[in-house]
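In: From the sequence below, what's the structure:
(one chain, ligands or ions: 1)
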Amino acid sequence: MARILIAGCGYLGCELARRLAGEGHTVFGLRREVPDLDAGFEWIAGDLGQPDALAAALPGEIDFAVHAAAPRLAAGASAEDVTRGVYLDGLSNLLRALTRSGSQPRRVFFVSSTSVYGQKRGEWVDEASPTHPTRKTGEILLLAEKLLAAADVPGSSLRLGGLYGPGRTRLIENVRSGRASIPAGDPHYTNRIHRDDAARAIAHLIALDAPAPLYLGVDCEPAAEEAVFGWLAQRLEVAPPTRARRDESATPRRAGSKRCRNALLLESGFTFEYPSFREGYAALLDEA
Ligand SMILES: NC(=O)c1ccc[n+]([C@@H]2O[C@H](COP(=O)([O-])OP(=O)(O)OC[C@H]3O[C@@H](n4cnc5c(N)ncnc54)[C@H](OP(=O)(O)O)[C@@H]3O)[C@@H](O)[C@H]2O)c1
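Out: Coordinates of the predicted model:
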């Protein structure tokens, strides 16, 4: 059994921490504001932006660390600074704090995002595809991945698609309320992964002897928004969302359109509980 640190223990991190603790590992969940609840693992109050205090807060020898922190934007703060502080400086601080606190982790995992890709025309992408992010967050995530790849400690990055699951049901609510609209023009492809599969994938990679340095963490079916909305509308028994006109100024701005391939994750032996949006959203609708 291993001692595992989840740095940034939020929506995904808590699910991962619970699962790993359930497997018998000793798990530490780090965040700035520690909830007052017994989650089945040990909470640590710590800030990835405060290197000295972070090193002092770490609980000695750590076998695996997972950086799963996400920026919490505050009024008045620069979004770019906060994002850089959590992903890039935060990862760098974490690596140094681990060394300073006497740990030589077997591997550090960085939870990245498919926003590192700039493809816009529904191209298929995998771990070897070019990365030309169109937004600052993607640029910063890419720098953090490179930082980990160049670090002394073995590292793996996992580029997740959009996370959904219990409590993250915005898409369902948008379709139910009629707020969802299909973008004008060519199909807009989206990539997602259910929170539980994302947590299971990280636990699976931790258990591997020699994981690859980079994986795409998406389910098995990149899907056009139209297909997802249509399926949800049918399940919810509401009218399907309409297609926005090309000239419609209210058309929401969409990030890049690409189809992410998860072949490497599957080849590593991982199996999905929710291989597509259908199984994932069906489970959420059934629970509701
Ligand atoms: N959500 C998505 O659709 C999506 C898509 C692709 C990739 N990802 C990636 O998946 C990971 C997990 O996302 P999530 O949705 O689980 O995020 P989340 O629920 O917002 O959790 C992030 C956690 O990070 C902690 N945190 C933020 N700043 C911190 C700091 N300076 N020091 C220590 N902890 C800090 C937060 O707690 P405190 O504020 O209490 O510190 C929170 O518990 C992130 O890396 C995210 O970029 C998410």
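In: Correct me if wrong: G60 contacts L98.
Out: No - applying CB atoms under 8 Å, one finds G60 not in contact with L98, separated by 10.5 Å. Where C-beta positions appear, they are placed from N, C-alpha and C, glycine not excepted.
In: Name the residue in the two with the higher neighbour count.
Out: L98 (22 against 9; other CB atoms under 10 Å).
In: and the stretch 1-150 of the chain, which residues reach the ligand?
Out: Residues of the stretch 1-150 of the chain found near the ligand (CB under 6 Å from any ligand atom) are 8-13, 30-33, 47-49, 68-70, 72, 86, 90, 111, 113.
In: Show me those that map onto strands.
Out: Among these, the ones falling in strands (DSSP state E) are L30, R31, V111, S113.
In: For the residues you listed, which entry has the maximal number of neighbours?
Out: L30 (28 neighbours).
In: which parts of stretch 170-177 are buried?
Out: Neighbour counts using 16 or more other CB atoms under 10 Å place L171, I172, V175, R176 of stretch 170-177 among the buried residues.
In: what element comes up after the strand or helix carrying the first one heading to the C-terminus?
Out: Following DSSP states H and E, one finds L171 within helix 170-177. Secondary structure here is assigned by DSSP H and E; on that basis, the next helix or strand after helix 170-177 toward the C-terminus is strand 189-190.
In: quick one on the thing from earlier: which strands or helices does the helix holding L171 pack on?
Out: With contacts defined as 3 or more CB pairs under 8 Å, 6 or more residues apart in numbering; DSSP states H and E, helix 170-177 has these neighbours: helix 225-236, helix 277-287.
In: try it again with 10 Å
Out: Helix 170-177 makes packing contacts with strand 162-164, helix 225-236, helix 277-287 when contacts are defined by 3 or more CB pairs under 10 Å, 6 or more residues apart in numbering; DSSP states H and E.
In: what does it contact?
Out: For helix 170-177, the surrounding residues in contact (CB atoms under 10 Å, 6 or more residues apart in numbering) are 162, 164, 169, 179-181, 190, 192, 225, 228-241, 277, 281, 284-285, 288.
In: Keep only those of the residues you listed that are also close to the ligand.
Out: Contacts with the ligand within these, as defined by CB under 6 Å from any ligand atom: G162.
In: Pop out the phi and psi values for the closest residue to the ligand within the chain.
Out: Closest to the ligand within the chain is G10: 1.9 Å, counting by CB to the nearest ligand atom. Here is the backbone geometry of G10 (degrees, to the nearest 10): phi -110, psi -130.
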